[in-house]
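[1] compute the structure for the input listed below.
(2 chains)
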Protein chains: 2
Amino acid sequence: MNNFTYYNPTKIIFGEGTIGKIAGEIPADARVLITYGGGSIKKNGVYQEVMDALKDHKVIEFGGIEANPQYAKLVKAVEICRNEHIGFILSVGGGSVLDGTKFIAAAAPFAGEPWDILAKQAKISRAIPFGAILTLPATGSEMNPWAVISRKEIGKKLAFGAPPHTFPKFSVLDPTVTQSLSKRQRGNGVVDAFVHVTEQYLTYPQNSPLQDRYAEAILKTLIEEGPKYVENPENSNAAKNVVWSATMALNGLISVGVVTDWATHSIGHELTVLHNIDHARTLAIVWPGMMRVMKAEKREKLLQFAARVWDINTGSHDEKIEQAIVRTEDFFNNMGLPVKLADYNLNREVIGKVIKNLKNNNYITLGEKKRVTPEIVELIFRDRL
Amino acid sequence: MNNFTYYNPTKIIFGEGTIGKIAGEIPADARVLITYGGGSIKKNGVYQEVMDALKDHKVIEFGGIEANPQYAKLVKAVEICRNEHIGFILSVGGGSVLDGTKFIAAAAPFAGEPWDILAKQAKISRAIPFGAILTLPATGSEMNPWAVISRKEIGKKLAFGAPPHTFPKFSVLDPTVTQSLSKRQRGNGVVDAFVHVTEQYLTYPQNSPLQDRYAEAILKTLIEEGPKYVENPENSNAAKNVVWSATMALNGLISVGVVTDWATHSIGHELTVLHNIDHARTLAIVWPGMMRVMKAEKREKLLQFAARVWDINTGSHDEKIEQAIVRTEDFFNNMGLPVKLADYNLNREVIGKVIKNLKNNNYITLGEKKRVTPEIVELIFRDRL
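    Model (predicted):
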């Protein structure tokens, strides 16, 4: 285990009927910008709950933040923050709205060109304070300082984070609001959280038994609760456990002191940029190939994953690993996510495009040992045709 | 799972050679009070590291804080804080020094009688900011807002906490400093952390699969790493895992949304007050009796504990539970802690005294369902003679 610093000051407000608590968490004199997406919050009652809670605040709205939040849209909100002297931003939505909000919060007081925050990882020394009401469990953005922003005009999807400034001050997780999600959104969320965990866990042994067991705890909970949650949105017990698992999957706790992978995400991002495939769906495509091709590097952890997460105890080492990969593919399928490029009518032509984009973003070598080269990416995709 | 709020703003600085980082965490213009215990920090090099790190700060020392920190001692430090305009307190020691520091930090700016903070749970609205350098893993105080303070003159041992004011601003966990601990201190620490987990886990099912698995993760890590840590203080891998497990055992994360027990602690506290038995050792005495006597209440969780933590899969339900209790007693013994009153030359006379003290502290009914009555306490002790 390496030395580490862990600091996570986001307050989690969890449970049914907790949206009303936000009034006490936002300074009374702050002018509030409410950010949201396509407007589903106006149909499921969340918008009204928020407005009721903030009836004594000066509120300005900014809707229309897309999935894979777009730079061109977000800079408009940056202008509003500056012109309207916004003192607090409230993100009402899923991970995309919240990621967009993090960018708005950091860019508004930033003196330079906002794009440099992403393209040059420009130093952020402050941000407008912000909080979140999470309506879709998946990305973990509600308890971490990271965000991924897209700029489709130039085919870029880039990450940034400026802890502690870009931690939400609070995040409200009301599992009942997930009831209005589509089955597709629920399935995507489970798989996204699952792969967040494996990106931090399926590397190589590093004397981190507690981090390992925490990762396995989240994976097993998602495997048990995910199907109930996807099949029946009224199952509030399952919704609670999936929501909490998704938050814990990416709040930094399971990766303290260990190296992480994230190659599946980097490659998946390019599939989203090129073919507009949902983020989680790109992970379901890439993950099985990544595990097969990087099997030697990840051998010990894949065997641990097979034994502890999937209870696979028979067969040779190679057979156990393959069983674990197939069981995971089946799980992704059961969550409603296809795992092959052909399911999206894509063929081998996509490979060269993805590799070209990765190179353009300087992602030449990926993974915990920087051994996922363009040649490896090609092998991974050949497994996924 | 019940609704909950989780907020933990303590920054953890973990690893070998990290003590020097404190300089950047303490305001440069703050007058610093350094609190410590019996002076072991002056022998193991920690004191010198601290002084080197704070060479540009105005520093005042306050040593001699006892195990089971005593009110009479701590109020002297409160006076120093007031007279010397202390702006930051740095606790250098184990859980007792840190608990004492939390009380000092809260009492110094408190307008009323300091004892009321403990006896009347008086409202605390601010505290002197403080941080910790942890030299003994056990109590979890380094990442929570709670403290237990004793006043031996009147036979009281009482807890308080005033989140967020009594969270440490930071805690430095350098596992190498545990090398100078005695074998007894190391064993006590492992058992203390173990029982912290069971107090939050061995209750009844509450639809909290992730919290359960996190609890089991800590228990299994302590079972695997504890013996290596106790036998060989030079095993830095084991020390790292025990230190991190002890912190995670009581930082609030495994108890979100669920009820907790804490009856073993309440009863154990009275054994410390009456007979000056080390805190962890009182837990090792009481715990097996608590589990046997409360077996019906805790049945499902004890069976889960037997299966998942001790891998016990044969026998009737009662046999599995008894096996799990015996395995845990053996573990406490292997850590060097006796588990019977007779090991301390105590007999049944202690029972009445403990019950009397519990009643004096208004602990009439304890446990997750408030069913640990004085009659139950008597049954528990009869199991421990």
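[2] list the buried residues for the lengthiest helix in chain A?
    Longest helix of chain A, by residue count under DSSP state H: helix A:209-231. Across helix A:209-231, burial judged by 16 or more other Cβ atoms under 10 Å in any protein chain shown covers A:209-223, A:225-227, A:229-230. Where you see a C-beta, it was placed from the backbone N, CA and C, and this is true even at glycine.
[3] avg pLDDT for it?
    For helix A:209-231, mean pLDDT is 98.
[4] does anything pack onto the next helix or strand after it? Which helices or strands?
    Going down the chain from helix A:209-231, the next helix or strand is helix A:236-249, by DSSP states H and E. Applying 3 or more Cβ pairs under 8 Å, 6 or more residues apart in numbering or on different chains; DSSP states H and E, one finds that helix A:236-249 contacts strand A:4-14, strand A:170-173, helix A:183-201, helix A:209-231, helix B:209-231.
[5] which one of these lies closest to residue A:96?
    helix A:183-201 (11.4 Å; Cβ to Cβ).
[6] all strands for chain A, in order.
    For chain A, applying DSSP state E gives strands covering A:4-14, A:31-36, A:58-62, A:88-93, A:130-134, A:146-151, A:156-161, A:170-173.
[7] what sits up against the lowest-mean-pLDDT helix or strand in chain A?
    In chain A, the helix or strand scored least confidently by mean pLDDT, DSSP states H and E is strand A:156-161, which has a mean of 92. Residues from elsewhere that reach strand A:156-161, judged by Cβ atoms under 8 Å, 6 or more residues apart in numbering or on different chains: A:68, A:102-103, A:106, A:117-119, A:121, A:124, A:144-151, A:166, A:269-270, A:272-273, A:361.
[8] could you give the angle of that strand to strand A:146-151?
    150 degrees (axes from the mean of the first three to the mean of the last three Cα atoms, to 10 degrees).
[9] OK, contacts around the residue in the stretch 51-200 of chain A that chain B sits nearest to?
    Nearest to chain B in the stretch 51-200 of chain A, going by Cβ to the nearest Cβ, is residue A:170, at a distance of 8.3 Å. Residue A:170 sits next to A:10-13, A:22, A:25, A:131-132 when contact means Cβ under 8 Å, 6+ apart.
[10] for the nearest residue to residue A:384 once chain neighbours are set aside, give its distance to chain B.
    Nearest in space to residue A:384, with sequence neighbours left out and distances taken as Cβ to Cβ, 6 or more residues apart in numbering or on different chains, is residue A:289 at 4.6 Å. Distance, residue A:289 to chain B, using Cβ to the nearest Cβ, to the nearest Å: 29 Å.
[11] thought residue A:289 was touching residue A:383?
    Yes - contact status for residue A:289 versus residue A:383: in contact at 3.8 Å, counting by Cβ atoms under 8 Å.
[12] higher neighbour count, those two?
    Comparing residue A:289 with residue A:383 by other Cβ atoms under 10 Å in any protein chain shown, the one with more neighbours is residue A:289, at 24 against 16.
[13] could I get the contacting residues of the more buried one?
    Contacts of residue A:289 (Cβ under 8 Å, 6+ apart): A:379-384.
[14] the least confident helix or strand of chain A pairs with which strands, parallel or anti?
    Strand partners for strand A:156-161, identified by DSSP bridges, are recorded as strand A:146-151 (antiparallel).
[15] which other residues reach the partner strand?
    Contacts of strand A:146-151 (Cβ under 8 Å, 6+ apart): A:68-72, A:74, A:98-100, A:102-103, A:115, A:118, A:141, A:156-161, A:166, A:250, A:269, A:272-273.
[16] tell me which of those residues fall in helices.
    Within those, residues falling in helices by DSSP H are A:71-72, A:74, A:98-100, A:102-103, A:115, A:118, A:269, A:272-273.
[17] out of the helices and strands packed on helix A:236-249, flag the one nearest residue A:369.
    helix A:183-201 (13.9 Å).
[18] quick one: the helices in the stretch 251-385 of chain A, in order.
    Using DSSP state H, counting those that start in this stretch, the helices of the stretch 251-385 of chain A run over residues A:263-275, A:279-293, A:299-308, A:317-334, A:349-360, A:374-382.
[19] what's the most buried one of those helices?
    Using mean count of other Cβ atoms under 10 Å in any protein chain shown, the stretch among the helices of the stretch 251-385 of chain A with the largest mean neighbour count is helix A:279-293, at a mean of 25.
[20] now residue A:225: how far from residue A:179?
    Applying Cβ to Cβ, to the nearest Å, the value for residue A:225 to residue A:179 is 15 Å.
[21] quick one on the thing from earlier: centre of the chain versus the longest helix of chain A, how much separation?
    What separates the centre of helix A:209-231 from the centre of its chain is 16 Å, taken as Cα atoms, centre = their mean, to the nearest Å.
[22] packing partners for that helix?
    helix A:183-201, helix A:236-249, helix A:299-308, helix A:317-334, helix B:209-231, helix B:236-249.
[23] convert the fifth one to CSV, retaining C-alpha atoms only.
    Just to be clear, that refers to helix B:209-231. Extracted C-alpha coordinates of helix B:209-231, given in CSV (Å, rounded to 0.1, in the frame of the first residue of the first chain):
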residue,chain,number,x,y,z
PRO,B,209,-25.9,-5.4,2.4
LEU,B,210,-23.1,-3.0,1.6
GLN,B,211,-22.7,-1.8,5.2
ASP,B,212,-22.7,-5.5,6.3
ARG,B,213,-20.0,-6.4,3.8
TYR,B,214,-17.9,-3.4,4.7
ALA,B,215,-18.1,-4.6,8.3
GLU,B,216,-17.1,-8.1,7.4
ALA,B,217,-14.3,-6.7,5.3
ILE,B,218,-12.8,-5.0,8.3
LEU,B,219,-13.3,-8.0,10.6
LYS,B,220,-11.6,-10.4,8.1
THR,B,221,-8.7,-8.0,7.6
LEU,B,222,-8.2,-7.7,11.3
ILE,B,223,-8.3,-11.5,11.7
GLU,B,224,-5.7,-12.0,8.9
GLU,B,225,-3.4,-9.1,9.6
GLY,B,226,-3.8,-8.7,13.4
PRO,B,227,-1.7,-11.8,14.3
LYS,B,228,1.2,-10.7,12.0
TYR,B,229,1.0,-7.2,13.4
VAL,B,230,1.0,-8.3,17.1
GLU,B,231,3.8,-10.9,16.6
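[24] and that helix with helix B:236-249, angle?
    Going by the same axes, to 10 degrees, helix B:209-231 makes 140 degrees with helix B:236-249.
[25] correct me, but residue A:338 touches residue A:284?
    Yes - contact criterion Cβ under 8 Å: residue A:338 and residue A:284 qualify, at 7.0 Å.
[26] so where's the stretch 1-150 of chain A shaky on pLDDT?
    Applying pLDDT under 70 to the stretch 1-150 of chain A flags no residue at all.
[27] how about the residues of it by chain B?
    Residues of the stretch 1-150 of chain A that fall close to chain B, judged by Cβ under 8 Å from any Cβ of the partner chain: A:1-18.
[28] I'd like to know which of those residues are buried.
    Buried members of these, counted by 16+ other Cβ under 10 Å: A:1, A:3-4, A:6-15, A:18.
[29] how many residues are close by residue A:48?
    Using other Cβ under 10 Å: residue A:48 sits among 12 other residues.
[30] one step back: of the contacts of strand A:156-161, just the buried ones, ChimeraX syntax please.
    Selection of the buried residues among those in ChimeraX, burial being defined by 16+ other Cβ under 10 Å:
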select /A:68,102,103,106,117,118,119,124,144,145,146,147,148,149,150,151,166,269,270,272,273,361
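[31] residue contacts, residue A:27?
    Shown in contact with residue A:27 (Cβ under 8 Å, 6+ apart): A:87-88.
[32] could you measure from it over to chain B?
    16 Å.
[33] got phi/psi on that residue?
    phi -50, psi 140 (degrees, to the nearest 10).
[34] list phi and psi for the residue most central in space within chain A.
    Most central in chain A under Cα atoms, centre = their mean is residue A:139, positioned 2.6 Å from the mean C-alpha point. Main-chain dihedrals, residue A:139, degrees, to the nearest 10: phi -80, psi -20.
[35] fine by me, thanks again.
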